[in-house]
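Q: Turn this into a model:
(2 chains)
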Amino acid sequence: MVQRLTFQTIIQKLQQFWQEQSCLILQPLDLEVGAGTFHPQTFLKSIGPEPWAAVYVQPCRRPTDGRYGQNPNRVQHYYQLQVILKPSPLNIQELYLDSLRVLGIDPLVHDIRFVEDNWASPTLGAWGLGWEVWQDGMEVSQFTYFQQTGGLDCSPVTGELTYGLERLAMYLQGVNSIFDILWHEGPSGPIYYRDIFLQNEEEMSRYNFECADVDALFKQFEYYETEGQRLLEIGLVLPAYEMAIKASHVFNLLDARHAISVTERQRYILRLRTLAVGVANRYYALREEQGFPLLKAQQQGLHHVKL
Amino acid sequence: MSNYDDFLLEIGCEELPARAQAILINALAKGFETALTDCGLAHGTIHPYVTPRRLAVFIEKLQKQTLPQKVERKGPLLSLALDADGKPTPAGLGFAKSCGVEFANLERIASDKGECLYYCSEMPGQMTTELLPALCNKVIAALPIAKAMRWGNSDVSFARPVHWIVLLFGKEVVPAKILGQNSDRQTYGHRFHHPKAISLDEPKHYEAALQKAYVVADAGKRRALIVRGLKEVVATVKGEVTLNEELLDEVTAIVEWPVPFLGQFDKHFLTVPHEALILAMQQHQKAFYVHDKEQKLLPYFMGVSNIESRDPSQVVHGNERVMNARLADAKFFFDSDRKHSLAFMAQKLDHIIFHARLGTLQDRSQRIAELAKTIALSLHLNGEEAHRAGLLCKADLVSDMVGEFPELQGIMGGYYAAHSHETPAVATAIAEHYQPRFALDELPQSPLGAVVAIADKLDTLVGIFAVGEIPKGDKDPYALRRLALGVLKIIVDRQWPLDLVQLLQKACELYGDKAKASVVQPVFDFMMERFKHHYIEQGIAAEIFMAVLASHPVKPHDFALRLRAVQAFCELPQSAALAAANKRVSRILEKEAASLAGQSVQEALLVESAEKELWRALSAKKKEVLPLYAAQDYTKALLLLALLQPTIDAFFENTMVMAEDKAQRFNRLALLVELRDLFSAVADLSCL
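A: Numbers count the residues shown, from 1 in each chain, chains lettered A, B, ... in the order given. Next comes the predicted model:
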């Protein structure tokens, strides 16, 4: 490693690389999500025949993973860099490895491995097959070929690459704690991850585990679910999907508060799934009515997706 | 020119799941063997190869074409094929048409019912190259892929995306489309060491060509290399390695070019229970642990990388850092779990549902505690300690460590109990109570551990039977079969005089209205069925088991003693004759059962010398044998009873049991009852 890559340079380099592979650079979703997959630019775009290629950073929230800023590896808020390629190109693994090379990772020095790891999101009615990518024993990315989204078979198949940015940065910078990651080396000195997020971890962990109002959260869950179903009925698919996302986060908070018993848990997941499947089906129908615009655009050569 | 050529098929793909590799390659090799035999193609050895990125079979000396085959067909009888004028009927013409020849070309042959039409043709041999494309596709389509996937725009599905197909017969490519790819002679080496294509000239050079391109294609050789490498590496720190076969298989399946290396971790993690450290190393990092001669863990681990790194120290440092983080996680869990007592954790069990109809884990712990106490008291063990261990045995399920490593359930409970100042007996009992966890697992070493283990398992058996979720076929989600046998093995091993029916009744009572008393018998029968399977596996004849079962022993240890006795009895020269006599007795008594109630032998009514002799011998033996029964020395008892054989045979030879005189008849039957009862106190020998 010739130079020490800062957190923000890593993001820039990856975005630059994927832009050169014809990906759109998109921005994060402005809602709380547990993974980049929830972003409509992944979940909805993987439905139906329309091609898509995009890269974006998504902040993720996993309330149960909070450790009050005390654990060097676990936090309840972190970043994923998500790449979506639909249809998945046959050289997708090579492209991914090239993206690591851009970060200065030489696979003849470092031991890079594709280790089986199949992905399933019961709340999204989605599953896929793929790997976790190991670099010298550390999982730095998730690699998934979507087989189903929202209960619908994926055709063509979307390839999803998810970089764990903090893991990657810890590795590249040779630090042992998330909080020691160098975010940026500015004129007024270095800014570390701790400077930006330590207080957030402390306070949010307290909120998630101790203070979140369980009764209010249960009411919110009911509201988002009902509202989502109502919106679906009047054909407002995207707002309905936002309700599904909100309900999902509320569920995660309730989980962190241990407010949902083991048997109830399954039922809540099923309710979330029902909403997501409803959204997926309506979205497909809507795009079909419109004649799958992105497919037409590609056929007419108006779109720059060239995979 | 030779009639044979070598054959090679290679499916090149993205990294295959480790566990699927052996299954797929075995099925591929077997599939070819069957398919080739079905086509009548002779062949030499089939060599299977599998790595993360390829499945291949190299078949030596495959026949170049199938032999011509004689095809014989019989047609209708002449009486139906020819009319009165001797001209062909529609049936006759139809047969000729179906054979594709003129009627005149048909021959005749004799059959059972008279002469009939006959046609014999020769099917020419087929070229193997023509058969291969369809044959390969058929074999591949039949592969048992647990989870198939699609990719890109393709409709093809396989375990992972397919990138190339090599299909060679001799020096020629067999043109075919397989899994969406056109066959060729190009393979690829190691992903990083040799990414360029390799052109294969013929099948037999496959393995060597890949070896040059940093791929050890033979999984067996790769495994052996790893074993040798690990042993060399471990020797450098004077340590030892216990090779976990499963891990070894997995590691073999995630490398093409294995390079073992040694890493070190921070010594202070050795304060964390070694079971947790070993799991973190094996499961999370797929690494082998290192220990000294006394099995004490050393602060090293061994991994197997897939490259000959230009800077191996970077691979080692990277792995060490991850390992230290993993172990730090384990230590974090261990430390934070120990901030609370095990009794405190147990209180949280009321949040966890054991089964929707059977209440929470707290309910379950209380039942286990009560049952364990009852068992302990009946064995003159410490009832309070048994109760305590039962109450706490499930508490570690709410700990962070068990949340992370479910395999450590019980084991962590043991550590946390000791830390919470529970007595050593209670801590050990908690640690051991899941044993035996698999078929060949150890049984609990401590008496209290055995008690809680029995209580835990019986509670599950009774509860799950009560809600009707009885195992069927390979559906046994609560592993009831293993639990049933576990209980029996523990009791037999400990030689405890426990009455299984009483225990089941107690377990049932503890469920209150959640379990009906009628569940006891089915659970008992289920357990006896497992007992039987177990002994049959040990080589004991089913009849012997059934003979003992027929005498209804309810104490498993007693059951085992009787089995041993009957087994020894069966080795005796008298056993066949005695089994026959017992059968005879049981047949006679079956018919007369109703009229025999309350009858006893009256000496005055005995007239024949043979019956007098039998009565005398029986009475004498009874005196010898009854104390032996009381002492459960069934083997010696049966040995003594076997000596009755000539007396019994003489009785049947010389005495008419069904005498005309009613009193005499009943007296003789009563004599037989005596005889039967004396024998069947051990087992029903008429079953043999």
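
Q: from the stretch 51-200 of chain A, which residue is nearest to chain B?
A: residue A:136 (2.6 Å; C-beta to the nearest C-beta). Glycine gets a C-beta too; all of them are placed from N, C-alpha and C.

Q: so what's that residue up against?
A: By C-beta atoms under 8 Å, 6 or more residues apart in numbering or on different chains, residue A:136 lies in contact with A:110-111, A:171, B:305, B:314-315, B:317-319, B:322.

Q: quick one: which of those sit in strands?
A: Among the contacts of residue A:136, the ones falling in strands (DSSP state E) are residue B:305.

Q: And the strands in the stretch 51-200 of chain A?
A: Along the stretch 51-200 of chain A, counting by DSSP state E, counting those that start in this stretch, strands occupy A:52-61, A:77-86, A:112-116, A:119-121, A:126-135, A:138-149, A:152-153, A:159-164, A:182-186, A:189-192.

Q: same for the longest one, what does it pack against?
A: Meaning strand A:138-149. Counting contacts by 3 or more C-beta pairs under 8 Å, 6 or more residues apart in numbering or on different chains; DSSP states H and E, strand A:138-149 packs against helix A:92-102, strand A:126-135, strand A:159-164, helix A:165-173, helix B:312-337.

Q: Distance-wise, check the residue nearest to the spatial centre of chain A relative to chain B.
A: For chain A, the residue nearest the mean C-alpha position is residue A:36 (1.3 Å; C-alpha atoms, centre = their mean). As judged by C-beta to the nearest C-beta, to the nearest Å, residue A:36 and chain B stand 20 Å apart.

Q: For that residue, give me the pLDDT.
A: Reported pLDDT at residue A:36 in the predicted model: 94.

Q: That one contacts residue A:162, doesn't it?
A: Yes - using C-beta atoms under 8 Å, residue A:36 is in contact with residue A:162, at 5.9 Å.

Q: Now for those two: what residues contact both?
A: Here residue A:36 and residue A:162 have A:80-82 as joint contacts, going by C-beta under 8 Å, 6+ apart.

Q: for the residues you listed, which one is nearest residue A:126?
A: Comparing those against residue A:126 with C-beta to C-beta places residue A:82 closest, at 14.2 Å.

Q: so that closest one bridges to which residues?
A: Going by DSSP bridges, residue A:82 is paired in beta bridges with residue A:56, residue A:162.

Q: how many other residues sit next to it?
A: By other C-beta atoms under 10 Å in any protein chain shown, 25 other residues sit near residue A:82.

Q: which phi and psi does residue B:160 have?
A: With angles defined as degrees, to the nearest 10, residue B:160 sits at phi -150, psi 160.

Q: follow-up on the earlier one: pull the most distant pair out of the contacts of residue A:136.
A: So, the contacts of residue A:136 by C-beta to C-beta: farthest apart are A:171 and B:305, at 15.6 Å.

Q: what about the two, which has more around it?
A: Neighbour tally, residue A:171 and residue B:305, criterion other C-beta under 10 Å: the higher count belongs to residue B:305, 24 against 21.

Q: got the contact list for the more buried one?
A: Per C-beta under 8 Å, 6+ apart, neighbours of residue B:305: A:111, A:136, B:255, B:258-261, B:315.
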